[in-house]
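Participant: Sequence isn't available, so here's the structure alone:
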């Protein structure tokens, strides 16, 4: 219960007046594909807060493969009367319940290990899955808006000398490399969304997430921040495989959840919005920040290999569009986001 309370507290702290701007969601039916993943859980937590504390009356449907396991891992959400679980693969969708008003299409894992093991399956899930969801959306008489969750990776590698990526920057993805399967699939999903808006007048908006930190994110994920937390919680040292010069940014998941709902409701059809923190930090600095959260700190060990220098990159969004068009802002700075995440893992 303590963990659940801390998540609700994080959402309250990040609300920043948005609850009063999402009135269109009242008494509506919201479908989230990939509904039991990291984003889906945070969206469910956010909807639960809107229903419990603001009387929104949203009926939430979480669609995912093996959705039934959600009852075992997250019973405080799965057993709510305003939450329904749909056990289905997005590739098998041919029709949706006719009362659905809002859709967040967030199916597909960003885990690079899964991409490497089954790139064909990944491309199929994102490509065909997005097609199925958007085609089914065209038959919904009460549809208000669909949000396709893309990825900041559609821009391709971000050089260190580029401070941040705006939505208008069109990078280069090596489509001949299997390592680009995720980025290419997400680029195709965005193209499908754009075509759907123009050809079929379906109200579709796109969100491009970058990197996040917060509860529900497994420390087994193959990302630097997760590895640093895992090393630090084990007593250290924190290991950096490289020079630590790569630059990343991390948005707390509470901000992420509010932003996604705001983009769904307030974003214009055909619009594309970055979701993330513009506060860049080198991996070396990030390791030091995480280590400094522990009494006495944690040692940071560098493992530099000369050939790695050529692969140094950044992954930081420009969120000016979200700020100026939708009035969105990051409420939890990096150090506070890290502190709250550590507290959740320690209480788990």
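Facilitator: Great, that's in hand. Since the structure is predicted, the reported quantities are computational estimates derived from the model, not experimental observations.

Participant: going forward, measure contacts between C-alpha atoms and count neighbours the same way
Facilitator: Will do.

Participant: Give me the neighbour count for the residue lying closest to residue 56 once chain neighbours are set aside.
Facilitator: Using C-alpha to C-alpha, 6 or more residues apart in numbering and skipping the chain neighbours, the partner closest in space to residue 56 is residue 26 (4.6 Å). The tally of other residues near residue 26 (other C-alpha atoms under 10 Å) stands at 15.

Participant: all numbers from here: first residue = 477
Facilitator: Let's use 477 as the start, then, which means that last one is residue 502.

Participant: close enough to count as contact, residue 502 and residue 536?
Facilitator: No - using C-alpha atoms under 8 Å, residue 502 is not in contact with residue 536, being 11.5 Å away.

Participant: sorry, back to before: the residue nearest to residue 532: what's it in contact with?
Facilitator: When contacts are counted by C-alpha atoms under 8 Å, 6 or more residues apart in numbering, residue 502 is found next to 532, 533, 534.

Participant: For the residues you listed, give me TSV that also has neighbour count and pLDDT.
Facilitator: Listed next are those as TSV, based on neighbours: other C-alpha atoms under 10 Å; pLDDT from 0 to 100:
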residue	neighbour count	pLDDT
532	20	98
533	17	98
534	18	98
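
Participant: For the helix or strand of the chain with the lowest mean pLDDT, which outside residues touch it?
Facilitator: Comparing every helix and strand of the chain by mean pLDDT, DSSP states H and E singles out helix 588-593 as the least confident one, with a mean of 72. Residues outside helix 588-593 that contact it (C-alpha under 8 Å, 6+ apart): 598, 654, 655, 657, 658, 698.

Participant: residue contacts, the second one?
Facilitator: In this case it means residue 654. Applying C-alpha under 8 Å, 6+ apart to residue 654 gives the contacts 592, 595.

Participant: Could you measure from it over to residue 593?
Facilitator: Using C-alpha to C-alpha, to the nearest Å, residue 654 is found at 10 Å from residue 593.

Participant: What are the boundaries of the helices in the stretch 477-626 of the chain?
Facilitator: Secondary structure of the stretch 477-626 of the chain (DSSP state H, counting those that start in this stretch): helices located at 478-490, 514-530, 546-549, 551-554, 588-593, 595-613.

Participant: per-stretch mean pLDDT over those helices, give me the minimum one.
Facilitator: Ranked by mean pLDDT, those end with helix 588-593 at the bottom, a mean of 72.

Participant: ok now that one, how far from the chain's centre?
Facilitator: Using C-alpha atoms, centre = their mean, to the nearest Å, the distance from the centre of helix 588-593 to the centre of the chain it belongs to is 18 Å.

Participant: can you check stretch 513-527 too?
Facilitator: 12 Å.

Participant: And for stretch 501-517?
Facilitator: Remark: stretch 501-517 is offset 12 Å from the chain centroid, using C-alpha atoms, centre = their mean.

Participant: and what of stretch 763-771?
Facilitator: In terms of C-alpha atoms, centre = their mean, the centre of stretch 763-771 is found 25 Å from the chain centre.

Participant: and what of stretch 603-621?
Facilitator: Taking C-alpha atoms, centre = their mean, the mean C-alpha location of stretch 603-621 is offset from the chain mean by 20 Å.

Participant: Could you report the distance from residue 514 to residue 739?
Facilitator: 18 Å.

Participant: mind checking pLDDT for residue 620?
Facilitator: On the pLDDT scale, residue 620 gets 98.

Participant: Select, out of the helices of the stretch 477-626 of the chain, the one closest to residue 767.
Facilitator: Closest to residue 767 of the helices of the stretch 477-626 of the chain is helix 478-490 (C-alpha to C-alpha; 21.8 Å).

Participant: who touches the closest one?
Facilitator: 521-522, 525, 691, 730-731, 734, 806-808, 820, 823-824.

Participant: Sort out for me which of the contacts of residue 502 are in strands.
Facilitator: If you go by DSSP state E, these have nothing in strands.
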